[in-house]
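# here is my input; please provide its structure:
(chains A and B)
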Amino acid sequence: MNATIRRSALLVGVLFLALLLNANYIAFVTNDSLRNRAGNSRLIIEEYDHERGSILVGRRAVAKSIETGDRLKYLRTYSDGPLFAPITGYYSVYGATAIERSENSLLAGTDNRLFVDRLTNLFTGREPKGGNVLLTIDADAQRAGYDGLGGQEGAVVALDPQTGAVLAMVSSPSFDPNELAVPDPTAVSKNYDALVADPADPLINRSTTQLYPPGSLFKVVVSAAALSSGQYSPDMVVPGPAVLDLPDTDRVITNYFDSACLGGSLTLTQALAISCNTAFARIGLELGDAALRKQAALFGFNRPLAIPLPVVPSIYPPDLNAPQTAQSAIGQYDVRATPMQMAMVAAGIANQGVVMRPYLVAEEQAPDLSVLSATEPEELSRAVTPAVAAELTDMMVAVVTEGTGANAAIPGVSVAGKTGTAQDGKRPPHVWFMAFAPADAPQVAVAVFVENGGRLGNQATGGAVAAPIARAVMEAVLR
Amino acid sequence: MRRGQAARRLPGVAVSVDSPVAPATIRQQSPRRRRGTELMLLVFGYGLSLLAFAQADLVVLDSLGPQFVPFAVTLGSCILVAHVALRKLAPYADPVLLPVVTLLNGLGLAMIHRLDLAEGNGAVAADTDFTPQLGWTLLGTVLFVLVLVVIRDHRVLQRYTYTAMLVGLVLLVMPLMPVIGTEINGARIWIRLDLGAQSLSFQPAEVAKIVLIVFFAGYLVQKRDVLALARSRVLGIDLPRGRDLGPILLAWVASLAVLVFQRDLGTSLLFFGLFVMLLYIATERVSWLVIGAVLFTLGATVAYQVFSHVQLRVGIWLDPFADETGDGYQIAQSLYGLATGGLLGVGVGQGHPDFVPFAKTDFIATAFGEELGLTGLMAIIVLYAVIVERGLRTAVAVRDPFGKLLAAGLSIAVGLQVFVVIGGVTKLIPLTGLTTPFLSYGGSSLVANWMLIALLMRVSDAARRPTRPTTAGAR
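Alright, predicted model coming up:
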């Protein structure tokens, strides 16, 4: 029987070998995919085990971890959650978004720059703690934009034109990240499902991830291209008929007010002030598709950006024929922009033609509040010359003093702005306003977007709905 | 080896002693006992168990909890008692088996205590499982000694072959009986005795396993010549005679009955696998393995077609993440635990093995995989492999055929059980639900396995005992 016992031993040996190989397979082959699976609650619990760093607006922590004494040792809490939600994002058992996501390694304390901290913690037995993120946000401006929208679907972006620092980034309607940070996974998924099902899409950041037709705001880009071409000056008289026939098609371009602009001929400054469609469509046709695209790109169109939240590229479409170019010149056809992009256009003009790279993180701090890195302002592009920027500024001041942007006027401060009302004929118009102030020494550039006319619906115009919100945000910064 | 040679040269030096035979015999035998080696291994394993237990306490409680001293004292006493008993009752028994078994038992106790702590969220849970398991360890050791005391020669068991069959079958069907039979977690494999306020649950299949191995061994010793007779040769394999197929068919039907009536996939698989292996060892005919494999495939296919719980198990095995929060939860959590453990583990007390349902029983191997990593899990698998290897080595060395089959049966039972349960929790094969010998929480399993090892040690003692010199033969 010994031979068969030995052979049986071999058989059992094979079984044990299979066990060992399988254990190795799990440890080496499927290990990573298992660890990173959405359903693996161990990882997030591991992260909840340490005190995550705070997200600061000024001296106030808008997102911080507090000790719970529960299975999840620390709970993430957000003060004024809905106000800052588009910036902070949320940190839940199912994952994180926005700053919570893009600055995760610092907040979680796994960043390489915190290596020495971790090492000392290991030896001193102190609880490891994450670093902090100081935002560029101006709480008053953020509040002014949020209250100004007052729940209407839309977005507000305010920039410091000289640095690119994001002073306000509002998306409305918003959500409360506290609902997604609760420790109970079933409650999280229930709250999450409710937010996803909400037709107003509160989880979407309208300021950076959504594209809208910029409408008449784009006339500023066309003006920049026109002045830069040397063929135009602010005082040059241009035709502004009631109807402009487009070449190669039966389609025509008309004005918002369905009549000729100031009797049919007016200066470029006047054309911008009253937002004359036919005048700008004609100028667009004369400058040509390539010139408009080049100018748009210099302001930042057609390229992605990370602030560090991803900003989707605004679009000036490729290969346009003449009628398409004419429509694009008044911000229609397939031209699309994010509110962030339009704020960058205003900021570029305010900053003597230099567009600064927008950024949300002012400082990254170690757990002991020492500064690990402070963001240095960086030039993104030179969109126009300082001379053209000065001319554009004067033209935009005229929009507020004499034209459609009167509602943005701030007593004692010179405001430069531009209205936009993008109609598609079916739904109430999307309305816009972009501005900067003070016009002679700009401290703030802002873009306001309200979807489908907001509360005014079909009656809405950029001047009536968006301009007052922009004024409130600028006042908050200048105050 | 070198030691043995040195010892053999020694008698030449000691010739002047009065009785030349006695010292020579002692000197020749004493190195082969290796009880000193066993003691060293025992101390090492005891130390490891204490370390694991202490680490769990220090991580979770920041200091040693009130259970540490009872643990250290009880485990230490058990080890000492078992060791001394071996010196007295089975001095030639294998010196590696006891250290391996006590290490597994100690680690199991430490992990059960660690899971108690997790359930109590830092404090020891109200419904603690550690203390009863410590009691079962004590009882297991007592029964280990008792088996060695009562059974002085394993060959006496052969006399009780058919009694063993009867007892084994009764034990198997006991859970099906009214009043005492109880269904727990979907399997009807428990008996419950209500003794006033106390109720005692027991899994008779664990003891039936040992008793039936005794029956298999005794039966096959008697019938192996008949069963080895070949009738015809097909594809180079000698087929047995038709009427000799009776026993294997009976074992097959009994296994299927366990599956059908008790819904216990693991036990069913274990018994049938064991019987086929012993049949092969006894008859030295490959045909029995082939017939066994055919019958297994047939039974498995039919069971899959007919029983929804078998289909469910297989479905979970193929894709545990299809219903991750429902049916696949256990396996998914188990795999997450193993993945978290990685190569070296997160450390005792620092993972979340309590996320896996039944972590103390079926899934205890996963708990080790998470906290001690791949390294720890492989070490535990290898410890079991050592038990099987030492057992089969005993089977080869022992001289009587009954002893061979008994030792082989006991070792292969451990091997198959470990394969079925660890393979199940690591998604190598569908999960069936068996205890992990010596590690898992559960009195019946622990006590039965201590008795199993005692029997194996008894056979091993006979196998390693030197043949009596002429003086002994004169008795």
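# and the residue nearest the centre of the chain?
Using chain A. A:Thr208 (2.7 Å; CA atoms, centre = their mean).
# hmm, I had chain B in mind actually
Chain B, centroid-nearest residue using CA atoms, centre = their mean: B:Val414 at 3.9 Å.
# any idea how far A:Leu203 is from that one?
In this structure, B:Val414 and A:Leu203 are 55 Å apart, going by CB to CB, to the nearest Å. (Each C-beta comes from the backbone N, C-alpha and C, glycine too.)
# any stretches of the chain with poor pLDDT?
By default, I'm working from chain A. A:36, A:38-39, A:43-44, A:47, A:69-72, A:94, A:122, A:125-127 (pLDDT under 70).
# that's the wrong chain, I meant chain B
Scanning chain B for pLDDT under 70 picks out the ranges B:1-31, B:121-127, B:179, B:184-188, B:193-200, B:230-239, B:242-243, B:468-475.
# what does the stretch 151-300 of chain A put close to chain B?
Within the stretch 151-300 of chain A, no position is adjacent to chain B by CB under 8 Å from any CB of the partner chain.
# would you mind listing the buried residues in the one helix or strand the residue nearest to the centre of chain B maps to?
Assessed by DSSP states H and E, B:Val414 sits inside helix B:401-425. Judged by neighbour count (16 or more other CB atoms under 10 Å in any protein chain shown), helix B:401-425 contains these buried residues: B:401-425.
# then stretch B:247-267?
Using 16+ other CB under 10 Å as the test for burial, stretch B:247-267 gives B:248, B:251-252, B:254-256, B:258-259, B:262-267.
# dump that stretch to CSV, restricted to CA.
Below are the C-alpha coordinates for stretch B:247-267, written out as CSV (Å, rounded to 0.1, in the frame of the first residue of the first chain):
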residue,chain,number,x,y,z
PRO,B,247,-19.6,-0.2,-1.2
ILE,B,248,-18.5,2.8,-3.3
LEU,B,249,-22.1,3.2,-4.5
LEU,B,250,-23.3,3.1,-0.9
ALA,B,251,-20.8,5.8,0.1
TRP,B,252,-21.9,7.8,-2.8
VAL,B,253,-25.5,7.6,-2.0
ALA,B,254,-24.8,8.4,1.7
SER,B,255,-22.8,11.4,0.6
LEU,B,256,-25.6,12.6,-1.6
ALA,B,257,-28.0,12.0,1.3
VAL,B,258,-26.0,14.3,3.5
LEU,B,259,-26.1,16.9,0.7
VAL,B,260,-29.8,16.5,0.1
PHE,B,261,-31.1,16.3,3.7
GLN,B,262,-28.6,18.3,5.5
ARG,B,263,-27.6,20.7,2.8
ASP,B,264,-24.0,20.3,3.8
LEU,B,265,-22.0,20.4,0.7
GLY,B,266,-18.6,20.4,2.5
THR,B,267,-19.2,17.3,4.6
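# ok, residues contacting that stretch?
Applying CB atoms under 8 Å, 6 or more residues apart in numbering or on different chains, the contact partners of stretch B:247-267 are B:169, B:172, B:175-176, B:186-189, B:205, B:209, B:219, B:223, B:227, B:268-269, B:271-272, B:275-276, B:279, B:288, B:291-292, B:295, B:299, B:303, B:307, B:309-310, B:313, B:417, B:420-421, B:424, B:430, B:432-434.
# change it to 7 Å
The contact list for stretch B:247-267 (CB atoms under 7 Å, 6 or more residues apart in numbering or on different chains) reads B:172, B:175-176, B:186-189, B:205, B:268, B:271-272, B:275, B:279, B:288, B:291-292, B:295, B:299, B:303, B:309-310, B:313, B:420-421, B:432-434.
# buried ones from those, can you make that a ChimeraX selection?
To isolate the buried ones among those in ChimeraX, judged by 16+ other CB under 10 Å, type:
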select /B:172,175,187,188,189,205,268,271,272,275,279,288,291,292,295,299,303,310,313,420,421,432,433,434
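# get me the contact residues on the stretch 351-475 of chain B for chain A.
By CB under 7 Å from any CB of the partner chain, the residues of the stretch 351-475 of chain B that approach chain A are B:352, B:355, B:374, B:377-378, B:381, B:385, B:388, B:392, B:395-396, B:401, B:404, B:408, B:412, B:415, B:419, B:422-423, B:426, B:428.
# now with 6 Å, please.
Residues of the stretch 351-475 of chain B lying near chain A by CB under 6 Å from any CB of the partner chain: B:352, B:374, B:377-378, B:381, B:385, B:388, B:392, B:395-396, B:404, B:408, B:415, B:419, B:422-423, B:426, B:428.
# still on that earlier bit, contacting residues for the residue nearest to the centre of chain A?
Shown in contact with A:Thr208 (CB atoms under 6 Å, 6 or more residues apart in numbering or on different chains): A:Leu309, A:Val311, A:Thr338, A:Met340.
# correct me if wrong, but A:Gln152 is in a strand.
No - looking at A:Gln152 with DSSP: H, G, I helix; E, B strand; the rest coil, it is coil, so not inside a strand.
# ok, it touching A:Val448?
No - in this structure, A:Gln152 is not within contact of A:Val448 by CB atoms under 6 Å, at 10.4 Å.
# of those two, who's got more company?
Ranked by neighbour count (other CB atoms under 10 Å in any protein chain shown), A:Gln152 and A:Val448 place A:Val448 first, with 34 against 21.
# may I see the buried residues of the helix or strand containing B:Val388?
In the assignment (DSSP H and E), B:Val388 maps to helix B:364-397. For helix B:364-397, a neighbour-count test (16+ other CB under 10 Å) marks B:364-378, B:380-381, B:383-385, B:387-397 as buried.
# output the contacting helices and strands for that helix.
Where contact means 3 or more CB pairs under 6 Å, 6 or more residues apart in numbering or on different chains; DSSP states H and E, helix B:364-397 is packed against helix A:2-28, helix B:97-119, helix B:329-341, helix B:401-425, helix B:443-464.
# minimum distance to B:Pro320: which of these has it?
helix B:329-341 (3.8 Å; CB to CB).
# what helices and strands are in contact with the closest one?
Short answer (3+ CB pairs under 6 Å, 6+ apart): helix B:329-341 packs on helix A:31-35, helix B:364-397.
# and with 10 Å instead?
Under the contact criterion of 3 or more CB pairs under 10 Å, 6 or more residues apart in numbering or on different chains; DSSP states H and E, helix B:329-341 touches helix A:2-28, helix A:31-35, helix A:41-48, helix B:308-318, helix B:364-397, helix B:401-425.
# now do the helix holding B:Val414 against helix B:443-464, angle only.
140 degrees (axes from the mean of the first three to the mean of the last three CA atoms, to 10 degrees).
# for helix B:401-425, what is the distance to the chain centroid?
7 Å (CA atoms, centre = their mean, to the nearest Å).
# B:Gly299 against B:Ser268, yeah?
Yes - using CB atoms under 10 Å, B:Gly299 is in contact with B:Ser268, at 8.5 Å.
# could you look up the SS state of A:Pro241?
Secondary structure, three-state DSSP: A:Pro241 is coil.
# what sits against it?
A:Pro241 makes contact with A:252-255, A:259-261, A:264-265, A:276, A:278-279, A:282, according to CB atoms under 10 Å, 6 or more residues apart in numbering or on different chains.
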